[in-house]
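Chemist: Next one to model:
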Amino acid sequence: MLKGVKIGLGITFVFLLVLVYKRSRLLGCLYSCEQSHEPLPMQEDDVSQSSGIIFVETTDRLEPPPLVSCSIESAAKAYPNRPVRFFMKGLKNNTTVDSVSTSTAFALLSAMENVFLLPLDMETVFQDTPLLPWYHKVNPAQERYWLHVSADGIRLALIWKNGGIYMDTDVISIRPISLENFLTAEDVRFAGNAIFGFSHHHKFIWDCMEDFVQNYRGDIWGHQGPRLLTRRLKALCPVTSFRNMEDINCQNISYLHPQRYYPIPCGEWNRYFQVWEKSPDFNNSFSLHVWNFMNREHKRVVAGSNTLMENLFKTYCPITYRALIQGPEGSGP
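Modeler: Sure, this is the predicted structure:
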C-alpha cells in the first residue's frame, strides 16, 4: 500500500514539474531567454522525415535511469526546434500505457514536447542497408559484445535513413552544434562513435555500413565502432594531429577536436563524480560524454553532494534533477 502511494506521488510530482517546465518555456525562464521559443509541433509521421537527434536503447529496459533521462532532456533543451527521438527495443507497437505507467522517467520524457519515444525493431532498422544480411546471419548468443555491436550497427542505419545527430545515452548536451556532417575525436588516436552527425543518405555512412560487414570482428572491443569510423576517415584523407583547438576538415566532413565532446578523457571519468574547487566552464565543448560504461562502481548523482555531475544535472537537465534526484524516489545511478 505504502509503495503504491509513493509511486502515485512520484508520478504526480513529475507531471507537476513538467507543467511548470512548459509554462516556464513560454515565459523564457526555465532554460534561457535565447531558447524560449516553442519547438515546431510535430506528429510521429513528421519525425521520420525530419533531421533530429537520435538516442537508442538496445536492451528491453523501459525505465530509463536518471543519466539517460538527463541526456535526452538536455538534448531537447539544446535543440528545441528539432525532434529528439529515443528508439527503445523494449517499446513495442502494442505497448500499453499501463505497462510503463510506474516509470517516473518514462512519464517525464513522454511529456516533453519535442521528445518522441519510438519502438526499435532491428529487422526494420536494417532493412534496405548492407547490414540486413549480416543481421540475418549473426548469432547474438555467440557474440561477446552483442549489445554494443548491435548498437554500433543500429546508429549507422538510423543516421543513414534519417540524417541528424546520434548521441549515446550518457552524453549531456550543453549547447547546439550547427555542423551537419561531423565526426568527433575521442582522443588523438581514434574517432569516437558516441556522437556524430550526417545528412540523410550520406555516402560516408553507407561506406561505414559496408565496412562493418566486410571487416566484421565482433570479438574485438570497439572494432565495429570507434575503430570503424577511424578506418573510414583515414581512407578519405591523412588525418593529421590537431593544432591547438582547431578542428580538421576532411572532404567536407568536420573532424572535431576531442575538447568538443570528450573534454574529460576516458581514464579520468571519475572526475565527473568529484567536487571541484572551481567548476569548469566547458566553453570549447558542445556536449559531454561522461563515460558511463566505465562507472562499474555504479556511482550515483546525489542531491547536495556538489559534485560536477550533480551541477551538470542541475544546469542542463533540471526537470530530471528535480524529479529523479531530489524527488520522492531519491538518488539514482
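Chemist: what comes into contact with stretch 264-282?
Modeler: Contacting residues not belonging to stretch 264-282 are listed as 174, 186-187, 258, 263, 288, 290-291, 294-295, 299, 305-309, 311-312 [CB atoms under 8 Å, 6 or more residues apart in numbering]. (Each C-beta comes from the backbone N, C-alpha and C, glycine too.)
Chemist: hmm, 7 Å instead?
Modeler: The list of residues contacting stretch 264-282 from outside it, by CB atoms under 7 Å, 6 or more residues apart in numbering, reads 174, 187, 263, 288, 290-291, 294-295, 299, 306-309, 311.
Chemist: can you check stretch 124-143 too?
Modeler: So stretch 124-143 is contacted by 122, 146, 149, 153-154, 157-158, 160, 209-210, 212-213, 216, 218 (CB under 7 Å, 6+ apart).
Chemist: what is the rounded mean pLDDT of that stretch?
Modeler: If you average the pLDDT over stretch 124-143, you get 96.
Chemist: Now do the buried residues in that stretch.
Modeler: 125-126, 129-132, 134-135, 138 (16 or more other CB atoms under 10 Å).
Chemist: And it, end to end?
Modeler: Using CA to CA, to the nearest Å, the end-to-end distance of stretch 124-143 comes to 21 Å.
Chemist: so how far is that stretch off the chain centroid?
Modeler: 23 Å (CA atoms, centre = their mean, to the nearest Å).
Chemist: Please narrow the buried residues of stretch 124-143 to those residing in helices.
Modeler: Among these, the members falling in helices (DSSP state H) are 125-126, 131-132, 134-135.
Chemist: Neighbour-wise, which one of the contacts of stretch 124-143 leads?
Modeler: Top of the contacts of stretch 124-143 by neighbour number is Gly153, holding 27 neighbours under the definition other CB atoms under 10 Å.
Chemist: Could you verify my assumption that Met309 touches Val302?
Modeler: No: the pair Met309 and Val302 does not pass the contact test of CB atoms under 7 Å, sitting 8.9 Å apart.
Chemist: returning to that earlier point: got the buried residues of stretch 124-143 as JSON lines, with distance to Asn244 columns?
Modeler: Below are the buried residues of stretch 124-143 laid out as JSON lines (distance: CB to CB, whole Å):
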{"residue": "Val125", "distance to Asn244": "39"}
{"residue": "Phe126", "distance to Asn244": "41"}
{"residue": "Thr129", "distance to Asn244": "38"}
{"residue": "Pro130", "distance to Asn244": "38"}
{"residue": "Leu131", "distance to Asn244": "38"}
{"residue": "Leu132", "distance to Asn244": "43"}
{"residue": "Trp134", "distance to Asn244": "41"}
{"residue": "Tyr135", "distance to Asn244": "43"}
{"residue": "Val138", "distance to Asn244": "43"}
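Chemist: these two touch, right, Arg85 and Ile54?
Modeler: Yes: counting by CB under 7 Å, Arg85 touches Ile54, with 5.3 Å between them.
Chemist: The stretch 1-150 of the chain: helices as residue ranges?
Modeler: 2-27, 44-47, 66-78, 104-110, 122-126, 131-137, 146-162 (DSSP state H, counting those that start in this stretch).
Chemist: same check, this time on the stretch 151-300 of the chain
Modeler: 203-214, 226-236.
Chemist: export those to CSV and tack on mean pLDDT?
Modeler: Shown next, in CSV, are these (pLDDT from 0 to 100):
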stretch, mean pLDDT
helix 203-214, 98
helix 226-236, 95
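Chemist: Let me have those in CSV, adding distance to Ile253 as columns.
Modeler: Listed next are the helices of the stretch 151-300 of the chain as CSV, based on distance: least, CB to CB, whole Å:
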stretch, distance to Ile253
helix 203-214, 6
helix 226-236, 7
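Chemist: I'd like to know which of these is closest to Arg61.
Modeler: helix 226-236 (24.0 Å; CB to CB).
Chemist: buried ones in the closest one?
Modeler: So for helix 226-236, counting by 16+ other CB under 10 Å, buried means 226-230, 232-233.
Chemist: Could you export those residues as CSV, including distance to Pro66?
Modeler: Below are the buried residues of helix 226-236 laid out as CSV (distance: CB to CB, whole Å):
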residue, distance to Pro66
Pro226, 26
Arg227, 30
Leu228, 30
Leu229, 29
Thr230, 32
Arg232, 34
Leu233, 34
